[in-house]
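*Asks:* Build me a model from this:
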Amino acid sequence: MTEALSAPPREAVPRQVADARAARRWGGLAVLCGVLLLAALLSVVLGSKPLSLGQVWHGLWSPTGTEGDVIIRSLRLPRTALAVVAGCALGVAGALMQGHTRNPIADPVLLGVSAGAGMFVAGGIFVLGISSLYGYVWFGFAGAMLATTVVYLVGTAARGGATPVTLALAGAAVHALFTALTAGMILLDQRALDTYRFWTVGSVGGRPIDLTLDMLPFIALGLLLAAANAPGLNALSLGEDVARALGVRVGLTRFTGMAAITLLTGTAVAVCGPIGFVGLMATHIGRAFTGPDYRWVLCYAGLLGAILMVLGDVLGRVVARPGELPVGIMLALTGAPVFIYLVRRRKPVRL
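*Replies:* All right, here's what the predicted structure looks like:
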């Protein structure tokens, strides 16, 4: 009798578990925000040219035009802001790609986004002779938009509509086509090759702050669409038949997700170049802590993507002093071993 009175109600146990899980998730978000702030501070303090903390403080709060002030305000702050914005965009886009294609290795390459941006950048240089960063960034954005649109239309035209398989196959075909066209253009023009190779390695350096401000509206709209897409993506993860039974409009959900992917990935790739492993690693690390709920996976992936991008850029500036290695190279060098470790360490999560 005493045990029966002291035992919690049967329905209270799941609620306690859910509350504890939500508390852990919110706590994890707070920790990630703190880590991102620390990474941003390191990005401002550390670099190929050593600066004292006094010089950093002076450049941030009372600049007078000294060399240290110029380095802080014209170089390190803009690239830190761009790394945060682009990393967040690539992290969220990676989670959306993996969810909609049901492919655990989905990234901008899979849907042909990087190839589309690269083809338009090479075309702008080869055909129109564009050499300025502002010029070919918008060409890259247009190419990324076109590639994702073609992939979605081809996937939708297939029997059964846009499914994970049709989207992946259409993305592979678009990637192969655009890559071949890009190779043809840059091989015919040495100047196009010289300009294109600096964009294609992936970097956040040398981009003015105005360019980051220009990309913010596209990123903000993409993040809003991603947030709206999360509940439908949770239902789609149970299967399209179950999702339809739950009242989810599958076609609209697919379209919303592809629009978010286009805006987020297209903007980031156009400005920074094709940077791999960000969305891949951020999504897998985030899902390991949050579980399969995409409302939380997207939040974690965005913060982790920003952290990975900032830390990769800082590492590239430190290891190659007095020069630097682009963040795309650093993430490839560090991301591949980390990802292999995660795959071997943890049981793969089924999508």
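
*Asks:* Next, the buried residues of stretch 180-188.
*Replies:* With burial defined by 16 or more other Cβ atoms under 10 Å, the residues of stretch 180-188 counted as buried are 181, 182, 185, 186. Quick note: C-beta positions are derived from backbone N, CA and C, even for glycine.

*Asks:* same check, this time on stretch 68-88
*Replies:* 68-69, 71-73, 75-88.

*Asks:* Now stretch 226-243: buried residues?
*Replies:* So, applying 16+ other Cβ under 10 Å, buried residues of stretch 226-243: 226, 229, 230, 232, 233, 234, 235, 236, 237, 240, 243.

*Asks:* average pLDDT for it?
*Replies:* What stretch 226-243 shows for mean pLDDT is 87.

*Asks:* Low-confidence stretches in the stretch 101-250 of the chain?
*Replies:* 131, 133, 160-162 (pLDDT under 70).

*Asks:* that older thread, identify the farthest-apart pair in the buried residues of stretch 226-243.
*Replies:* The most widely separated members of these, counting by Cβ to Cβ, are 226 and 240 (19.9 Å).

*Asks:* Next one: residue 229 from residue 107, what distance?
*Replies:* Between residue 229 and residue 107 the computed distance is 18 Å (Cβ to Cβ, to the nearest Å).

*Asks:* Go ahead and report the secondary structure state at residue 103.
*Replies:* Put simply, residue 103 is coil when judged by DSSP: H, G, I helix; E, B strand; the rest coil.

*Asks:* contacting residues for the nearest residue to it once chain neighbours are set aside?
*Replies:* Nearest non-adjacent residue to residue 103, counting by Cβ to Cβ, 6 or more residues apart in numbering: residue 168, 5.8 Å away. By Cβ atoms under 8 Å, 6 or more residues apart in numbering, the contact list for residue 168 reads 101, 103, 106, 110.

*Asks:* do the same with residue 238
*Replies:* Applying Cβ under 8 Å, 6+ apart, the residues contacting residue 238 are residue 246.

*Asks:* and it, helix, strand or coil?
*Replies:* coil.

*Asks:* For it, grab phi and psi.
*Replies:* phi -90, psi -10 (degrees, to the nearest 10).

*Asks:* where do the strands sit along the stretch 201-350 of the chain?
*Replies:* With DSSP state E, counting those that start in this stretch as the definition, the stretch 201-350 of the chain shows no strands.

*Asks:* hey, where'd the helices end up in it?
*Replies:* 209-236, 240-245, 250-272, 278-290, 294-319, 327-345 (DSSP state H, counting those that start in this stretch).

*Asks:* can you check the stretch 51-200 of the chain too?
*Replies:* Going by DSSP H, counting those that start in this stretch, the stretch 51-200 of the chain shows helices at 53-61, 67-70, 77-101, 113-128, 133-157, 164-188, 190-200.

*Asks:* Spatially central residue for this protein, please.
*Replies:* The chain has residue 90 as the residue nearest its centroid, 0.7 Å off, counting by Cα atoms, centre = their mean.

*Asks:* mind checking how far it is from residue 244?
*Replies:* Distance from residue 90 to residue 244, by Cβ to Cβ: 31 Å.

*Asks:* With residue 322 instead?
*Replies:* Counting by Cβ to Cβ, the gap from residue 322 to residue 244 is 59 Å.

*Asks:* So between the two, which is more surrounded?
*Replies:* Applying other Cβ atoms under 10 Å to residue 322 and residue 244 shows that residue 244 carries more neighbours, namely 13 against 9.

*Asks:* which ones are touching that one?
*Replies:* Contacts of residue 244 by Cβ under 8 Å, 6+ apart are residue 250.

*Asks:* gap between it and residue 164?
*Replies:* 16 Å.

*Asks:* Likewise for residue 108?
*Replies:* 17 Å.

*Asks:* OK, contacts around residue 301?
*Replies:* Contacts of residue 301 by Cβ under 8 Å, 6+ apart are 91, 92, 94, 95, 279, 282, 283, 286.

*Asks:* Now, of those residues, which are buried?
*Replies:* Judged by 16+ other Cβ under 10 Å, buried ones among the contacts of residue 301: 91, 92, 94, 95, 279, 282, 283, 286.

*Asks:* What is the nearest of the residues you listed to residue 217?
*Replies:* Of those, the one sitting nearest to residue 217 (Cβ to Cβ) turns out to be residue 92, at 15.8 Å.

*Asks:* right, and residue 234 touches residue 294 too?
*Replies:* Yes. Because the distance of 5.3 Å satisfies Cβ atoms under 8 Å, residue 234 is recorded as touching residue 294.

*Asks:* Which residue, other than its chain neighbours, is closest to residue 212?
*Replies:* Using Cβ to Cβ, 6+ apart, the closest residue to residue 212 is residue 82 (4.7 Å).

*Asks:* and what of residue 21?
*Replies:* residue 291 (7.9 Å).

*Asks:* Share the number of residues neighbouring the one you found, please.
*Replies:* Residue 291: 13 neighbours (other Cβ under 10 Å).

*Asks:* Any figure for the gap between it and residue 235?
*Replies:* 16 Å.

*Asks:* now swap in residue 129 and tell me
*Replies:* To residue 235, residue 129 is 49 Å away according to Cβ to Cβ.

*Asks:* Could you do residue 146 as well?
*Replies:* 29 Å.

*Asks:* Noted, bye for now.
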